[in-house]
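Colleague: this is a predicted model, with the sequence first.
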Amino acid sequence: MTKAVALLSGGLDSRLAVKLMLEQGIEVFALNFTSAFCTCSGGKDKEESGCKSEARKVSTELKIPLKLMVKGPEYMEIVRNPKFGYGQGINPCVDCRIYMFTLAKRYMEEIGASFIVTGEVLGQRPMSQRRDAFKTTERESGLSGLILRPLCAKHLDPTIPEKTGLVRRDLLLDMEGRSRKPQMELAETLDMTDYPCPSGGCLLTDKTFAKKVRDLLAYKKDLTMKDLQALKIGRHFRHDGVKLIVSKNEAENLKLKNFIQPGDTFLEPMNFTGPAALVCGAKKNNAADIIGMAGSLILRYASAKAKEVEKPEIKAVSHESAFTFAISERMDETAAEKMRIC
């Protein structure tokens, strides 16, 4: 039986592409890439959410094997210096596709598959789903003629699996453009009505979020997964080269505590209700001042009742020590805005 590797995001398009291949008797092996920047929030069942869990649901439903791969710190080097540039934010969409296709090619060769399948639709994404972008990603990943896009194949040149008879071109489709109506109609026809995340996205396309990413890349060379995850929560500030993250709600208080790394200090209110904060990488010569400044930021965003506390105290915890200190002044808006990244 002919094997193919399908890039399965968990969204509607990739799910339809897989279904079309299965109907042609192709043995599909799904490959899902997870990222700290995915905006997918899941489908109707909120017990599990996100593209990774949705891909698992699809693989179970369609009875196909699934391999998960993480776009981690090494991927950030592509974000830092993309060969084919950025979109409207700091999104290196073409380079990102090349990165994923290159890894998919290795997996394809590993399992003896004949080609790659994606749910891409010509004209749907302004940067990566253009005809010229398709050719670029195929060439740069070493997959020329081996990436089949079943949803829009009739708008494109026949691929090698079509030319060699592995796939019937007459059963492929001619979708084009940004509208999702054709996909939704096809899903109805195929009795795939409980599809999740019909249009996922990437935080790197968001201009506001991009400010935090640019700041991180400018100030830190060796990135960790915690660095990337922390970008998604809180208010971000920088002073004297040190990043300060102040949470926005109680849920973020708990998350922020999990992001502490060597050299970081976690701050939380002791006798008043307010946000937590994380001081990332302060040096010995400025640690005390920065921690004090973070405390005044906490007080700035604390509840109104915090003003009634005579001596607001904060607990500071790092890998090396733990101590408490009092805050006498709430940082004013002007000072906070001068430090704010996003």
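Modeller: Perfect, thanks for sending it.
Colleague: check the residue sitting nearest the centre point of the chain and give its pLDDT.
Modeller: Note on the chain: the residue nearest the mean C-alpha position is residue 37, at 1.8 Å, using CA atoms, centre = their mean. At residue 37, the pLDDT value in this model is 90.
Colleague: need the residues that contact the longest helix along the chain.
Modeller: Among the elements of type helix in the chain, defined by DSSP state H, the one spanning the most residues is helix 93-111. By CB atoms under 8 Å, 6 or more residues apart in numbering, the surrounding residues in contact with helix 93-111 are 3, 5, 7, 29, 31, 33, 67, 69, 71, 75, 78, 82-85, 87, 113-116, 125, 127-128, 133, 136-138, 140-143, 146-147. All C-beta atoms are positioned from the backbone trio N, CA, C, and that covers glycine.
Colleague: any buried residues in that helix, and which?
Modeller: For helix 93-111, a neighbour-count test (16 or more other CB atoms under 10 Å) marks 93-101, 103-105, 108 as buried.
Colleague: cool, stretch 310-328 as well?
Modeller: For stretch 310-328, by 16+ other CB under 10 Å, it's 312, 314, 316-318, 327.
Colleague: can you give me the helices for the protein?
Modeller: Here the chain has its helices, by DSSP H, at 12-23, 51-62, 73-80, 93-111, 131-141, 160-163, 181-189, 207-219, 225-230, 250-258, 287-300, 333-339.
Colleague: mind listing what residue 263 touches?
Modeller: Counting by CB under 8 Å, 6+ apart, residue 263 makes contact with 280-282, 318-319.
Colleague: closest to residue 268 among these?
Modeller: When the contacts of residue 263 are compared for distance to residue 268 (CB to CB), residue 318 wins out at 12.6 Å.
Colleague: who's the closest one bridged to?
Modeller: Residue 318 forms beta bridges with residue 265, as assigned by DSSP bridges.
Colleague: now it: how far from residue 292?
Modeller: Look at residue 318 and residue 292: by CB to CB, to the nearest Å, they are 15 Å apart.
Colleague: same thing with residue 4?
Modeller: Computed with CB to CB, the distance linking residue 4 and residue 292 is 58 Å.
Colleague: look at those two and report which has more neighbours.
Modeller: Set residue 4 next to residue 292 and count neighbours by other CB atoms under 10 Å: residue 4 wins out with 26 against 17.
Colleague: what residue ranges in the chain score low on pLDDT?
Modeller: Counting by pLDDT under 70, the chain shows low-confidence ranges at 40-51, 196-200.
Colleague: partner strands of the longest strand along it, with direction?
Modeller: If each strand of the chain is counted by residues according to DSSP state E, the longest one is strand 27-34. Sheet pairing of strand 27-34 (DSSP bridges) gives strand 3-7 (parallel), strand 66-70 (parallel).
Colleague: list the buried ones in the first one?
Modeller: The one in question is strand 3-7. Under the neighbour-count criterion of 16+ other CB under 10 Å, strand 3-7 has 4-7 buried.
Colleague: now swap in the last one and tell me
Modeller: Along strand 66-70, the positions that meet the burial threshold by neighbour count (16+ other CB under 10 Å) are 66-67.
Colleague: now do that strand and helix 51-62, the angle between them.
Modeller: Using axes from the mean of the first three to the mean of the last three CA atoms, to 10 degrees, the interaxial angle of strand 66-70 with respect to helix 51-62 works out to 170 degrees.
Colleague: and strand 66-70, how far out from the chain middle?
Modeller: Strand 66-70 has its C-alpha centroid displaced from the chain centroid by 14 Å (CA atoms, centre = their mean, to the nearest Å).
Colleague: show me the domain layout of this protein.
Modeller: In the assignment given by automatic domain parsing, the structural domains of the chain cover 3-189, 233-339.
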